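*Asks:* Below is the sequence, then the predicted model.
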Protein chains: 2
Amino acid sequence: MKQHVNLIITARWVYPVVPSHQLLQDHAVVVNGDTILDICPVTDALTHYQADETVHLKNHVLMPGLINLHAHAAMTLMRGLADGLALQAWLQEHIWPAEAKLVSPEFVHDGTVLACAEMLSGGVTTFNDMYFYPAAAAAASIKMGVRANLGLVVIEFPTQYATDAGDYIKKGLDARDQLKSEPLISFSFAPHAPYTVADDTFQRIATLANQVNISIHTHLHETKHEIDESEDQFGLRPLARLANLDLLGPTVTFAHCVHMDQVEMQLLAEQGCSIAHCPSANLKLASGIAPIAQAIKYNVNVGLGTDGAAGNNRQDIFTEMRLAALLAKAVSDDATVIPAHQAIEMATINGAKALGLDDKIGSIEKGKLADLTAVQFSDLEMQPCFDPISHLVYVAGREHVSHTWVAGELRYHQPIDSAAVYSGIEPRELTAIVAKWQSRVTEFKSLEHLR
Amino acid sequence: MKQHVNLIITARWVYPVVPSHQLLQDHAVVVNGDTILDICPVTDALTHYQADETVHLKNHVLMPGLINLHAHAAMTLMRGLADGLALQAWLQEHIWPAEAKLVSPEFVHDGTVLACAEMLSGGVTTFNDMYFYPAAAAAASIKMGVRANLGLVVIEFPTQYATDAGDYIKKGLDARDQLKSEPLISFSFAPHAPYTVADDTFQRIATLANQVNISIHTHLHETKHEIDESEDQFGLRPLARLANLDLLGPTVTFAHCVHMDQVEMQLLAEQGCSIAHCPSANLKLASGIAPIAQAIKYNVNVGLGTDGAAGNNRQDIFTEMRLAALLAKAVSDDATVIPAHQAIEMATINGAKALGLDDKIGSIEKGKLADLTAVQFSDLEMQPCFDPISHLVYVAGREHVSHTWVAGELRYHQPIDSAAVYSGIEPRELTAIVAKWQSRVTEFKSLEHLR
């Protein structure tokens, strides 16, 4: 007798990521509830299981959902607000003033809804966020059905959201208490960066993170300027300072790490810290090119992030996979580094490891959650194809994503030649959100120009 | 009384590129025959002209067709055939053996058809090609309605196509004689590279190019290895060698130029040579990152190329625009270099200048040919939008191209939520071409593995 299950997805190719670099042809992924029950040849699946729904992906790769390891999702509302600027001028003269005027729970909710829609349509099923009003971001993620690890941001200066470090921490922990039973939501402490957070705050966060058992997510070594300033102020590079403050460990994710010497890479590896590599954002803000191939040789765990849409105007992990693979070759002077399968691991299982969620997500394995992305290979620009894994990185774009499932639920579907469908939101509501903020941000920009 | 014309295209934004960085709102481009007759506000156009056809682009930018300044179009049939290799191993162990077995007029025709389809769907209206059997490439380009400047390739070693340098030159000139009245087709001499062409051949080409008044297209300074080898063999860097052979001048386009010192950039500027910058290909083959922002400061004309699909697996100028703009910032340590409008100039008017076609294409100006690309701004990931020029480079992808006109003819159209249409080919024929070569190249690959 056949076993009853909720969903069978058959695919021309299944790429489970774990075990490494193994492409399965004509396989099925069997899903019950939110969990992957089986991965087997299509004929076996159809013999042994009776499903409520069967989806046939005739010319697709089914792969684990992508993980965006460094995002400021709500900033989607400020997409491309200020181009052509280096990090410090961009932050201090444009982004922080804009945030002071615009950011509110409504801004965060709406911006996160748009980011979730963009990410789902690009195959992202989990994002590691850092922004204000985490409860608003959680509500948006739950609505859209995207898994979110939300950073409880801490910064020394006051904003609309909180007054001082203590207030940020309190508000963060309150949000966590309120939302900790939500299955799609988890939390990190997110002290913003070494240049915006004081020693005692870092120490308090290290202690608290340990007590309440949550991870840490912060910016590190994004620019040479940051390192120079830290050497002037503390006599130490930022990583050394954080090491002295006992902040390092296997639950810590550092975004960027553009500038690292060999001792630092070794330290990150020894401490089990992860890097969220954000190649587009690092190029656009002229921060530099992170020595990722080298860090990986030292066994540092490296995932991929988009950063916020005001800095990197695409919230698109396909672009980051391709760029990470390409850049590493040129800066290492070695065309063999970061082959396609490794770029995909960065965007999936490595991101899961960084978040401490690799027992649940990051690969297609029995017992893991059914966070799945289907990529169609039918479009002309995908053909011919001699190596689907290579195509996922060097040819495919987010526009080839046809289905995105989170915890076994279909959250995004792009049918052939008809409009895309989100399970969490109607097109009209998305349009209304865009129109509202297009006008409010434009008004802010006009006032800025009059100053 | 209204003047009769063939086509009026109204658009929310028209971006003519020349004059520089000027975005026109609610303007129309009026086309008669193959030529742009007028650019004016929509209301004026509808008052003064009566058109056979009017196309309303309600939420689009209409821009000049993109120019792919360095392609090996037929290599689309070998897309992603050999990844993870540096240039010399890739060429000598994989690409040249594959070409020896596979390349024929049929291969070149079919591969160029697929490349034209891919390029049209990404807004490319002109490509600067370098490959064997130029008559077959011309036939494919004419069929698809894409403007092509075809390189008459010259290389010292024999191939199926020709036996020696003299034979390559003769076959190239024969193809040119046969096709010189085709309005979409023009020609360059294409001595392959300094490392595959001898001094006397270069000299003969320089003389002939002058006599028959055609331009020159060659690879230059793509890798350090090429430069080292030239220094060993000739006691000169390749550019110095070509300068000695009197090959430099305003009708010469050098593909790549990854490695250039300041004296070399100055020489290129003085001689009026152009660079075809191919950032994706240079990263993927670990050749390096060309110092393009610096070359532009020296007033070298720089356009953008995809290179062939066996090396850069996407024939996509949108990706090259974004990558060129991003890379230049990081390697110059300056976020202000290559702003979006300059990356678009590289992909349009600069390419036209390199080809000596800037009196005809590269911008939307009265009297120029109507080579036009429409980019839709309706998709969610394009919103909100505060600066359409920034969005064209940092947000848009080739998938946002909705219409591509060449010489006033609509050659590609992607309607909302229905299948794309090419005027030059039926979907069935495209599918048949892909299937044929998918199987032939796969067979070749299998035999290779058995060797």
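*Replies:* In hand now; what should we look at? Given the structure is predicted, the values throughout are model-derived calculations rather than measurements.
*Asks:* is it true that A:Leu236 touches A:Ser230?
*Replies:* Yes - the pair A:Leu236 and A:Ser230 passes the contact test of CB atoms under 8 Å, sitting 6.3 Å apart. C-beta here means a position set from N, CA and C on the backbone, and glycine is covered the same way.
*Asks:* Those two - which one has more neighbours?
*Replies:* For A:Leu236 versus A:Ser230, neighbours defined as other CB atoms under 10 Å in any protein chain shown are more numerous around A:Ser230 (20 against 15).
*Asks:* For the helix or strand where A:Gln211 lies, give me every contacting residue.
*Replies:* Assessed by DSSP states H and E, A:Gln211 sits inside helix A:199-212. The set of residues external to helix A:199-212 that reach it, using CB atoms under 8 Å, 6 or more residues apart in numbering or on different chains, is A:154, A:156, A:165, A:169, A:173, A:176, A:189, A:191, A:215-216, A:241-242, A:245-247, A:251.
*Asks:* I'd guessed A:Val146 sits against A:Val406; true?
*Replies:* Yes - in this structure A:Val146 lies within contact range of A:Val406 using CB under 8 Å: 6.1 Å.
*Asks:* residues shared between the contacts of the two?
*Replies:* With contacts defined as CB under 8 Å, 6+ apart, the residues adjacent to both A:Val146 and A:Val406 are A:125, A:184.
*Asks:* okay, and for chain A, where does confidence drop off?
*Replies:* By pLDDT under 70, the weakly predicted segments of chain A are A:448-451.
*Asks:* so what are the domain limits for it?
*Replies:* In the domain annotation for chain A, the residue ranges read A:3-64+A:368-414, A:66-354 (automatic domain parsing).
*Asks:* Tell me which of these is the most buried.
*Replies:* domain A:66-354 (a mean of 22; mean count of other CB atoms under 10 Å in any protein chain shown).
*Asks:* start to end distance for that one?
*Replies:* Distance between the boundary residues of domain A:66-354 (CA to CA, to the nearest Å) amounts to 13 Å.
*Asks:* now it, how far from the chain's geometric center?
*Replies:* In terms of CA atoms, centre = their mean, to the nearest Å, the gap separating the centre of domain A:66-354 from the centre of its chain is 9 Å.
*Asks:* Please apply the same query to stretch A:369-377.
*Replies:* Offset of stretch A:369-377 from its chain centre (CA atoms, centre = their mean): 16 Å.
*Asks:* Just confirm yes or no for it near chain B.
*Replies:* No - looking at stretch A:369-377 against chain B by CB under 8 Å from any CB of the partner chain, there are no contacts, and the closest approach is 11.1 Å.
*Asks:* Any idea how far apart the tips of that stretch sit?
*Replies:* Using CA to CA, the distance between the terminal residues of stretch A:369-377 is 25 Å.
*Asks:* Over to stretch A:248-261?
*Replies:* Terminal-residue distance, stretch A:248-261 (CA to CA): 17 Å.
*Asks:* just stretch A:76-86 next, same as before
*Replies:* Criterion CA to CA; first-to-last residue distance in stretch A:76-86 is 19 Å.
*Asks:* Show me what it is in contact with.
*Replies:* Everything outside stretch A:76-86 that qualifies as a contact, by CB under 8 Å, 6+ apart, is A:90, A:93-95, A:98, A:102, A:107, A:110-112, A:114-115, A:118, A:223, A:284-287, A:308-310, A:313, A:315, A:437, A:441, A:445, B:334-336, B:339-340, B:383-387, B:390-391, B:394-395.
*Asks:* 6 Å - rerun?
*Replies:* With contacts defined as CB atoms under 6 Å, 6 or more residues apart in numbering or on different chains, stretch A:76-86 is touched by A:90, A:94, A:111, A:114-115, A:285-286, A:309-310, A:313, A:437, B:335-336, B:339, B:384, B:386-387, B:390.
*Asks:* contacting residues for A:Pro41?
*Replies:* Each residue near A:Pro41 by CB under 6 Å, 6+ apart is listed here: A:His27.
*Asks:* Any idea how far apart the tips of stretch A:93-109 sit?
*Replies:* Counting by CA to CA, you get 24 Å between the two ends of stretch A:93-109.
*Asks:* that older thread, quick one, which of the domains of chain A is nearest to B:Ala324?
*Replies:* Taking CB to CB as the measure, the domains of chain A were each checked against B:Ala324, and domain A:66-354 came out nearest at 10.6 Å.
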